[in-house]
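Asker: prediction below, plus the sequence it came from.
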Amino acid sequence: MSESHVVSGLVAKRAELTGQIEHFQYQIRQISMDVDHLDATLLLFNPDYDLLSIKPKGIRSTNPWFLKGEITRLTLEALRTASTPLSTCDITDALIALKGIAIAGTKERDRLTKSLLGALQMMRKRGVVEIAGRIKGPGGGPILWRLL
C-alpha cells in the first residue's frame, strides 16, 4: 500500500528537478551559441588563433558571510591580538563571533573553515603567517597559526 502524501511529494520533487534540467539545458545551449559567436569574431581578427589554447575560467561561489578580503583582514586581526598561536578552530570561532554569524550546522561551519583555510594558505604563501604546530587529535589535529 502506498502512502499518497509520500508519492505526491516525490512526484513534486521530480517535477522540480526535471524543470531545473530543462532550464539549465536551455542556458547551456544559449551559452554555447555565445561562445560560437565569440570564436567567429575572434577568428575574424586573428584567423590563426588557436581557440583550444583558451583555458576555461573557473566559477567561484561567493561566501555569504564575508566581503572579498574580509576573512583575511579579520584573521590577521585575531592573530595580532592573540598572545599565543591560534588553532584553525579558534580562528573560526573568532570569525563567527566578530561577524555575529548564526551557524545552523556542521556543514556551514565546515564551509567557513574551508574558506578560512584557503585564506590562511594564501597568507602563508605570501609569508604573512606560518604554521606553529598542531594540536593532537583526529586527522593530525587542528593546525596552530601565528603571524610572522
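Answerer: The structure has been received and is ready for your questions.
Asker: for the most centrally placed residue in the chain, give its distance to Ile96.
Answerer: In the chain, the centroid-proximal residue (CA atoms, centre = their mean) is Ser61; its distance is 5.2 Å. Ser61 is 19 Å from Ile96, where distance means CB to CB, to the nearest Å. Any C-beta I mention is one placed from the backbone N, CA and C, and that applies to glycine too.
Asker: how does this protein divide into domains?
Answerer: 4-53, 70-147 (automatic domain parsing).
Asker: now the strands: where do they sit in the chain?
Answerer: Ranges of strands within the chain are 86-87, 129-134, 143-147, based on DSSP state E.
Asker: need those in JSON lines (columns: mean pLDDT and distance to Ala15).
Answerer: Shown next, in JSON lines, are the strands of the chain (pLDDT from 0 to 100; distance: least, CB to CB, whole Å):
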{"stretch": "strand 86-87", "mean pLDDT": "92", "distance to Ala15": "46"}
{"stretch": "strand 129-134", "mean pLDDT": "91", "distance to Ala15": "49"}
{"stretch": "strand 143-147", "mean pLDDT": "92", "distance to Ala15": "46"}
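Asker: and the ones you listed as JSON lines, adding distance to Leu79 and mean neighbour count?
Answerer: Output for the strands of the chain, formatted as JSON lines (distance: least, CB to CB, whole Å; neighbours: other CB atoms under 10 Å):
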{"stretch": "strand 86-87", "distance to Leu79": "6", "mean neighbour count": "22"}
{"stretch": "strand 129-134", "distance to Leu79": "7", "mean neighbour count": "15"}
{"stretch": "strand 143-147", "distance to Leu79": "5", "mean neighbour count": "18"}
